[in-house]
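Q: following is a predicted model, sequence given first.
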Amino acid sequence: MGGQDEQEGPGWAICPECDKKVKTDNLERHLKKVHGISARPARRKPKVAFPLGKFIAVLVVVIILVLVGIFAYARYSTAPSEPALSLDRSSHDFGTVPPQTVYTNFSLSNNGDATLEIYNISTSCDCTQAVLTYDGQTSPTFTRSGNPDFRLKVSPGKTATMMTSIDPNMYVSSGKITRYIYFNTNDKGHSSVTITLMANIIR
């Protein structure tokens, strides 16, 4: 009876596999040796809930940035080249001058990234003339009428010179005069250009 009472004490446990009473300290060894299992199953790491909403938000931002980059690249890489005319000035006043021919030059620069074309050059009076020079070459002389069909092509970053003149001897009267030089270009912002020349003729 004494052995049976000892097995009823708090130091004993019942095996969950065979209902055999074994000492509590020996339960794990009993389960492993007799039944091939561990009394204390290994703890599994708790699964962390994946932040799906945050992932979707980050993914949307990444997609937007990628699309913006693609559109920006496509816009600037496929943008058509354009010429851009830049005049150093659009008018000139010779002031008071005697009845002799006066001259002044204008600079016509191409600040664009395509070839600038200058054509249809004429003046408002036969007393006024215009001549273009560029890259060592000189154009015909342009006046009011009878002008040749001429087209000057200015490369990007280059500058042409328009030499202009007024000959007061073609007029008997004295006083203030205003004359004009006209031309066209393939620059959409300056398709039609007018240069103004002024002088006060004294005799």
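A: Yep, that arrived.
Q: quick one, phi/psi of A114?
A: Dihedral pair for A114: phi -140, psi 160, per degrees, to the nearest 10.
Q: residues contacting it?
A: Neighbour list for A114: 80-83, 156 [criterion: C-beta atoms under 8 Å, 6 or more residues apart in numbering]. C-beta: built from backbone N, CA, C; applies to glycine.
Q: quick check: end-to-end length of stretch 84-101?
A: End-to-end span of stretch 84-101 (C-alpha to C-alpha, to the nearest Å): 32 Å.
Q: beta partners for the closest residue to D187 other than its chain neighbours?
A: Distances taken as C-beta to C-beta, 6 or more residues apart in numbering place L85 nearest to D187, at 4.4 Å, with adjacent residues excluded. Beta-bridge pairing of L85 under DSSP bridges involves N110.
Q: thinking again about what came up before, buried among the contacts of A114? Need that as a selection in PyMOL.
A: Selection command for PyMOL covering only the buried members of the contacts of A114, criterion 16 or more other C-beta atoms under 10 Å:
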select buried, resi 83+156
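Q: make CSV from the contacts of A114 and add secondary structure, pLDDT and distance to H190 to it.
A: Shown next, in CSV, are these (DSSP: H, G, I helix; E, B strand; the rest coil; pLDDT from 0 to 100; distance: C-beta to C-beta, whole Å):
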residue, secondary structure, pLDDT, distance to H190
P80, coil, 80, 17
S81, coil, 92, 16
E82, coil, 96, 11
P83, coil, 97, 9
P156, coil, 97, 15
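Q: ok, so of the contacts of A114, who is nearest S139?
A: P83 (18.0 Å; C-beta to C-beta).
Q: ranges for the helices of this protein?
A: 2-6, 27-30, 52-77 (DSSP state H).
Q: how far off centre is the longest one?
A: Read it as helix 52-77. How far helix 52-77 lies from its chain's middle: 18 Å, per C-alpha atoms, centre = their mean, to the nearest Å.
Q: please renumber so the chain begins at 22
A: Sure, I'll start counting at 22 from here, so that last one is helix 73-98.
Q: how about low-confidence regions in this protein?
A: By pLDDT under 70, the weakly predicted segments of the chain are 22-31, 59-71, 95-100, 193.
Q: would you map out the domains in it?
A: 33-63, 73-101, 106-222 (automatic domain parsing).
Q: of those domains, flag the one that's most buried.
A: domain 106-222 (a mean of 16; mean count of other C-beta atoms under 10 Å).
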